[in-house]
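Q: how does the following fold in three dimensions:
(2 chains)
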Amino acid sequence: MNRPQALTNRLRRELFATPLDGLITVALLLGLGAGLKALLHWTLTQADWAVIQANSTLLAVGRYPLEQQWRLWLLTALLSGATGSSWGLLRGRGWPHSDRLAAAVLVVFGLVLPATLGLTATVQQHWWWITALLIAGRWAAGRWGGELPSRWRRLLPLAWPMLYLLGLGLIGGGLGLMSVRPSQWGGLLLTLIEASFAILVCFPLGIALALGRRSELPLLRWCSTLYIEFIRGAPLITLLFLGQNILGFLLPGGLAPDRVWRAAWILTFFAAAYVAEAVRAGLAALPRGQWEAARSLGLNTVQTLLHVVLPQALRVALPATVGQFITLLQDTTLLSLIGLLDLLGVARAVMANPEFLGRNAEVYLVLAILFWCCCAALGLGSRSLERRLNRQSLRSQP
Amino acid sequence: MQTPWWRNRRLLPLLVQAAVGLMVLVTIAFLLGNLVRNLSAAGLLLSWRWLNLPAGFDISETLLPFNAELPYWRALLAGLVNTVRVVLIGLVGATLLGTLAGTAAFSSNGLLRRLSRTYVELVRNVPLLLQLLFWYFVVFLSLPNGPAAIQLPWVVLAKSGLYLGSTQLIDGVWQGSLRITLEFAALLTGLIIHSGAFIAEVVRGGVTAVPAGQWEAARSLGLSAGQTLSRVVLPQALRVIVPALNSQYISLAKNSSLAVACGYSDLYSVAETTLNQTGRAVEVVLILLGTYLAMDLVISLLMNRLNQLVQIQER
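A: Model (predicted):
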């Protein structure tokens, strides 16, 4: 059978198997066509992207002082280099097809996107350098990473937490750098700080709560259960409301953190309860025999947890946990409802500016695409990590 | 050799629990102590008498009759009724949409299958708050007014509201048997489309959990695709779906607190105004947390009852 015929056959099977299917297909095509036509018409004739171009810095970093923004560029460059190096270390010297494709996409985005967004020449150059660093990191680490002594290689993952702390230092200042108060952080920068902080801290907290909830000690079990159920019963916005209005009363004067960190802690405590439930499901999936085998080998509770139980339970819990992280990233938008200038907060301030009145659709569309890309990337990453871990566990079995 | 006390398997659990209990108690005592001290310094010690004072603000849209002279507790009650209204209608709508989209993932029509996947992936990766703002500010607020309004059979979409039933234009103003405000419509649309995507995933998971042999057996008995789904697969899928649906319903109820983004006066939005006027932060937060907790419990209870109905009846 030649190819065109195979294609027609497939189309007929997929779209016109029965008269009803054919009817549905035609109706859907008509609807989709009308929708696409309206969208195209709007994008080409009515949409005005000046609102994004004029406010790109504001949306990215809020009111972060202009003369201090080199620190953020430096941090982005460091992160880009570290990402490239990690990529190279994981993949080694070769460039498989998927890597070449990913690199090509990154280069095209790094070169073309800043230009199409109409960013200034300096900003465009910065993005070129950052893209170049990423690719160079991938190449160099892949080329020479294998020659590092294995003792060093084992320490390399530690570079990430150090980089995170360094990043917070660069953003906030201190130690000779001009201090930039959290109230001056904004836009995408604030969103990323809040989300990354909450994700990093809520994960160990969630594991502890899940272990507590499955503990044999009744007091630990009750406390953990009470906490988890209380948090899961309340909408996040009421907890943020609690954080802004009551936390000041709960702590002695002067000890309460400022509004930005208050929200970060509330997000953390909120997400911890949900992560705990995801981890608990992972723990529950583990057969009791694993505990008993570890105990009969003479491991104590801590050793059993660290070497036997958690590695297996966390692997099962991974998809649900990353799902919670994605929700957490989306939940940062609620900060705009309590008056913080996160990405959505800045966007709403921009839309309230009379100069850009009636440009809501453009701004919301850009924000939606941004969030969609971040969340979809997290989901994709979690799925590939899951496959990788499953392959490893298959290989390690006798 | 005697076991040292730190390895004693009877003593150790007691010690750990005592330590944890002490820690929790000390933390709570510390926080409560601060709370009482700070509140009394601010002259805001716990009291509920302010609930009987006149509210002094209006609520744009209520089922319960309300005006500014009525007390705060009536305002909060009106907000609660508004919340319950949007949650109830939202639950029904999201269930219908979710079932439709979830079963569409198994359609013999490839286009419909892909459309269902696209819908779920699109909605789940965009924050709900953004979606609500989009529906209100971009879609509903840009509706035309007067004669230019969008007229469908039994429905008119105009900037002054949605009109259902028999509608007519009188002096450039629409009249209908039922008028829905744009705020309510935007919130409801956003919630239904958001929860619908999550429910679609639940339904899809439930249907996937039914063994393929059940499909094949039903088809070989000569049942049509629709009969197979409604008589054989869905009743079995329900056993997996209903428990997962419970948590989706609860999150819809909690998500309704984002109503403030569309300017709809739900419980949270009334509570926020109440706090701004009275400064009674602790009481207002207690009312909010208690009410949402109670709502979650009611949903859980009803869903557990439903769960008992759909589980396999054994002797």
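Q: number of residues surrounding residue 125?
A: No chain was given, so I picked chain A. By other CB atoms under 10 Å in any protein chain shown, the residues close to A:Gln125 number 12. Just so you know, the C-beta spots here come from the backbone N, C-alpha and C atoms, and that holds for glycine as well.
Q: please refer instead to chain B.
A: Around B:Asn125 there are 21 other residues, counting by other CB under 10 Å.
Q: which residue, other than its chain neighbours, is closest to it?
A: If the residues on either side of it in the chain are set aside, B:Asn125 comes closest to A:Cys375, at 3.9 Å by CB to CB, 6 or more residues apart in numbering or on different chains.
Q: how about the contacts made by the one you found?
A: Taking CB atoms under 8 Å, 6 or more residues apart in numbering or on different chains as the contact definition, A:Cys375 lies against A:326, A:329-330, B:124-126.
Q: near chain A, which residues of the stretch 101-250 of chain B? Just list them.
A: Within reach of chain A by CB under 8 Å from any CB of the partner chain, the stretch 101-250 of chain B has these residues: B:107-112, B:115, B:121-122, B:124-130, B:133-134, B:137-138, B:250.
Q: which of the residues you listed are buried?
A: For those, burial is judged from neighbour counts taken by 16 or more other CB atoms under 10 Å in any protein chain shown, and it is met by B:107, B:109-112, B:115, B:124-130, B:133-134, B:137-138, B:250.
Q: helices - which of these land there?
A: Counting by DSSP state H, these place B:110-112, B:115, B:124, B:128-130, B:133, B:250 in helices.
Q: can you put those residues in a markdown table and add distance to A:Leu357 and pLDDT?
A: Formatted as a markdown table, those follow (distance: CB to CB, whole Å; pLDDT from 0 to 100):
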| residue | distance to A:Leu357 | pLDDT |
| --- | --- | --- |
| B:Gly110 | 43 | 84 |
| B:Leu111 | 39 | 87 |
| B:Leu112 | 40 | 89 |
| B:Leu115 | 35 | 91 |
| B:Arg124 | 31 | 92 |
| B:Leu128 | 25 | 95 |
| B:Leu129 | 21 | 95 |
| B:Leu130 | 19 | 94 |
| B:Leu133 | 15 | 94 |
| B:Ile250 | 38 | 93 |
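Q: any idea which of those residues is closest to chain A?
A: Within the set of those, B:Gly110 lies nearest chain A; the separation is 3.3 Å, counting by CB to the nearest CB.
Q: correct me if wrong: that closest one contacts A:Arg12.
A: No. The pair B:Gly110 and A:Arg12 fails to qualify as a contact (CB atoms under 8 Å) at a distance of 10.6 Å.
Q: which parts of the stretch 251-398 of chain A sit against chain B?
A: So far as CB under 8 Å from any CB goes, the stretch 251-398 of chain A lies against chain B at A:251-253, A:326, A:330-331, A:333-334, A:336-337, A:344, A:348, A:351, A:360-361, A:364, A:367-368, A:371-372, A:375-376, A:379.
Q: what is the neighbour count of the closest residue to A:Glu216 other than its chain neighbours?
A: Once flanking residues are discounted, A:Glu216 sits nearest to B:Pro13: 7.3 Å by CB to CB, 6+ apart. Look at B:Pro13: counted by other CB under 10 Å, it has 16 neighbours.
Q: element containing B:Pro13?
A: Taking DSSP states H and E as the criterion, B:Pro13 maps to helix B:11-42.
Q: still on that earlier bit, how about JSON lines for the contacts of A:Cys375, with distance to B:Val84 added?
A: Shown next, in JSON lines, are the contacts of A:Cys375 (distance: CB to CB, whole Å):
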{"residue": "A:Ile326", "distance to B:Val84": "30"}
{"residue": "A:Leu329", "distance to B:Val84": "30"}
{"residue": "A:Gln330", "distance to B:Val84": "25"}
{"residue": "B:Arg124", "distance to B:Val84": "26"}
{"residue": "B:Asn125", "distance to B:Val84": "30"}
{"residue": "B:Val126", "distance to B:Val84": "27"}
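Q: so where's chain A uncertain?
A: Across chain A, residues meeting the criterion (pLDDT under 70) sit at A:1-2, A:393-398.
Q: meant to ask about the stretch 1-150 of chain B, not that
A: Counting by pLDDT under 70, the low-confidence segments of the stretch 1-150 of chain B come to B:1-2.
Q: what's around A:Leu74, how many residues?
A: A:Leu74 is flanked by 13 other residues according to other CB under 10 Å.
Q: need the nearest residue in space to it, chain neighbours excluded.
A: A:Leu170 (6.5 Å).
Q: centre of the chain to the helix or strand hosting the one you found, how far?
A: Using DSSP H and E, A:Leu170 maps to helix A:159-172. In this view, helix A:159-172 has its centroid 17 Å away from the chain centroid, taken as CA atoms, centre = their mean, to the nearest Å.
Q: tell me which residues of the very next helix or strand once past it are tucked away?
A: Counting by DSSP H and E, the next helix or strand C-terminal to helix A:159-172 is helix A:187-213. Taking 16+ other CB under 10 Å as the neighbour-count basis, helix A:187-213 is seen to contain the buried residues A:187-199, A:201-203, A:205-207, A:209-213.
Q: what's the angle from the helix or strand hosting the residue nearest to B:Asn125 to helix A:187-213?
A: Secondary structure assignment for A:Cys375, by DSSP H and E: helix A:360-396. Helix A:360-396 and helix A:187-213 are oriented at 40 degrees to each other (axes from the mean of the first three to the mean of the last three CA atoms, to 10 degrees).
Q: so where do the helices sit in the stretch 1-150 of chain A?
A: When secondary structure is read from DSSP state H, counting those that start in this stretch, the stretch 1-150 of chain A shows helices at A:3-15, A:19-41, A:50-54, A:56-61, A:70-91, A:97-116, A:121-144, A:150-155.
Q: correction: chain B
A: B:11-42, B:72-104, B:110-124, B:128-133, B:182-208, B:212-220, B:225-227, B:234-255, B:267-278, B:281-310.
Q: contacts only, for the residue nearest to A:Arg71 when sequence neighbours are not counted.
A: The shortest distance from A:Arg71 to any residue other than its chain neighbours is 4.7 Å, reached at A:Leu170 (CB to CB, 6+ apart). The neighbours of A:Leu170, taking CB under 8 Å, 6+ apart as the test, are A:71-72, A:74-75, A:177.
Q: what do you get if the cut-off is 7 Å, keeping everything else the same?
A: Shown in contact with A:Leu170 (CB atoms under 7 Å, 6 or more residues apart in numbering or on different chains): A:71, A:74-75.
Q: flag every residue of the stretch 1-150 of chain A that's near chain B.
A: A:14-15, A:17, A:21, A:24-25, A:28 (CB under 7 Å from any CB of the partner chain).
Q: of these, closest to chain B?
A: A:Glu14 (3.3 Å).
Q: show me what contacts that closest one?
A: Neighbour list for A:Glu14: B:Gly110 [criterion: CB under 7 Å, 6+ apart].
Q: how close does the closest residue to B:Gln131 other than its chain neighbours get to B:Trp135?
A: Closest residue in space to B:Gln131, ignoring its immediate chain neighbours: B:Gly190 at 5.0 Å, by CB to CB, 6+ apart. B:Gly190 sits at a distance of 5 Å from B:Trp135 (criterion: CB to CB, to the nearest Å).
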